[in-house]
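A.B. asks: Kindly generate the corresponding structure for this input.
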Amino acid sequence: MSTTVFHNARIVDPSRGMDERGSVVVEGKKIAAAGKGALNQGAPEGATVIDCAGRAVFPGLVDARVFIGEPGAEHRETIASASHAAAAGGVTSLVMMPDTNPVIDDVALVEFVLRTARDTAIVNVLPSAAITRGLEGREMTEFGLLREAGAAFFTDGRRTIASSAVMRRALTYARDFGATIVHETQDADLAASGVMNEGLYASWLGLPGIPREAEAIPLERDLRLARLTGGAYHAAKLSTAMAVEAVARAKSDGANVSAGVSICNLALNENDVGEYRTFFRLSPPLRAEDDRLAMVEALRNGAIDIIVSSHDPQDVDTKRLPFADAEAGAIGLETLLGVTLRLYHNEEIPLIRVVEALSTGPARLFGIEGGSLRPGAPADLVLVDLDEPWIVREADIRSRSKNTCFEGARLQGKVLQTMVAGRTVFTA
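C.D. replies: Residues are numbered from 1 along each chain as shown. Okay, here's the model as predicted:
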């Protein structure tokens, strides 16, 4: 059994409220010790000792919203290529969305993802399963069998379920199987042909807009159904102040609800669309600066629980089009940590809260192993130089698709090493 010691590190472990100088000892696939007293007896004999020189060690990131092309669109992204992109970004566990071809709506597809990940991926890849067959919003899938097969949670991915009766049943069944319903809310009629945030800027560009109410109205329905059923509900990607207010009210009323935000909606606003830059065509769309600031405040105060990359690979054929015709989505696994650290460097969010939202929080919400440096936890961790500057360059992107919102961005905070189950899967 090999032993690795990360010595003289800044250890940030939200699962224990820890942010202190010390050491992390990895024995085999597990954390043996972590903290300022970890080396009281000295380094174990034969251990590999890494002097971190004050650099930070976090639990590996857990990304709860990743779209992957395999099966059906491997030219955009495979499970293997997504895992390499994840490792480079410090992500040690990711949950894959069911928006594939065929849809992950039966046990065979869940088993396919798990088997392919075991054979080809270098990080932990967990499948989610569809709430409804074919993501069509009508007939529910077999929750019990899918959960037993290994589905992390249930979601219809990019789709919003229109039927309140179906959503009520889904929340009830998920409650009975100890699972969470993860839902992205966008009213199809209100959004209609909209392609960006509704407002003055959309009018200047001559583009149809999506009002904030398109997100808030189905979300309000879901939150009331969560109260009614007692089911666990997670709002996948919030982008508006009114949506955050609704979630905060539901939490204060005791509903079993949580919420996430895409890193793009935390870091960018509608002005970044510029002159029809299709890499900024996203769902939900980039909102006004007031909404972005509301997202940051909600993350700080806990109304929003987690941050996701919403990694969504699109190829040239779907992005190099007029803005209104381009597909929505951007990749984000490799830039997730670097962009989020802007909030820390700007003194908007404390570092321990950043790590909680990226790692400990999603692991706890969805029952995923990881997100902690406690003794006995899986040795999934990341070594980060919080101050090292770097530039996002297309040539360095490991994802098969290159549709990043942050090409050319100057970031501060670089992943130096990623470890999964005690094995180093990435070094800078």
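A.B. asks: Any idea how far the lengthiest helix in the chain is from the middle of the chain?
C.D. replies: Looking across the chain with DSSP state H, the single longest helix is helix 213-229. From the chain centre to the centre of helix 213-229 is a distance of 22 Å (C-alpha atoms, centre = their mean, to the nearest Å).
A.B. asks: Helix or strand next in line after it, which one?
C.D. replies: Downstream of helix 213-229, the first helix or strand assigned by DSSP states H and E is strand 232-235.
A.B. asks: For that following strand, which strands pair with it and how are they oriented?
C.D. replies: Under the criterion DSSP bridges, strand 232-235 sits next to strand 180-183 (parallel), strand 257-262 (parallel) in its sheet.
A.B. asks: And the next helix or strand past the first one?
C.D. replies: Going back to what we said before, that points to strand 180-183. helix 188-191.
A.B. asks: And for that following helix, what's in contact with it?
C.D. replies: Applying C-beta atoms under 8 Å, 6 or more residues apart in numbering, the external contacts of helix 188-191 come out as T160, A162, I210, P211, E213, A214, I217. Any C-beta I mention is one placed from the backbone N, CA and C, and that applies to glycine too.
A.B. asks: and the gap between E388 and E20?
C.D. replies: 21 Å (C-beta to C-beta, to the nearest Å).
A.B. asks: just to revisit the earlier point, same question for the longest helix of the chain: list its buried residues.
C.D. replies: The neighbour-count check on helix 213-229 (16 or more other C-beta atoms under 10 Å) flags 213-227, 229 as buried.
A.B. asks: contacting residues around T335?
C.D. replies: G89, I263, S309, V392, T404, F406, A409, L411.
A.B. asks: now swap in A33 and tell me
C.D. replies: Here A33 is in contact with S23, V24, V25, L39, P375 (C-beta under 8 Å, 6+ apart).
A.B. asks: of the residues you listed, buried ones?
C.D. replies: So, of the contacts of A33, S23, V24, V25, L39 end up buried under the neighbour-count rule (16+ other C-beta under 10 Å).
A.B. asks: Wait, a strand at the second one?
C.D. replies: Translated: V24. Yes. V24 forms part of a strand when assessed by DSSP: H, G, I helix; E, B strand; the rest coil.
A.B. asks: correct me, but it touches F6?
C.D. replies: Yes. Look at V24 against F6 with C-beta atoms under 8 Å: they come within range, at 4.3 Å.
A.B. asks: what about the closest residue to A32 other than its chain neighbours, distance to A326?
C.D. replies: In space, A32 comes closest to V25 once its chain neighbours are excluded; the distance is 4.3 Å by C-beta to C-beta, 6 or more residues apart in numbering. Distance, V25 to A326, using C-beta to C-beta: 49 Å.
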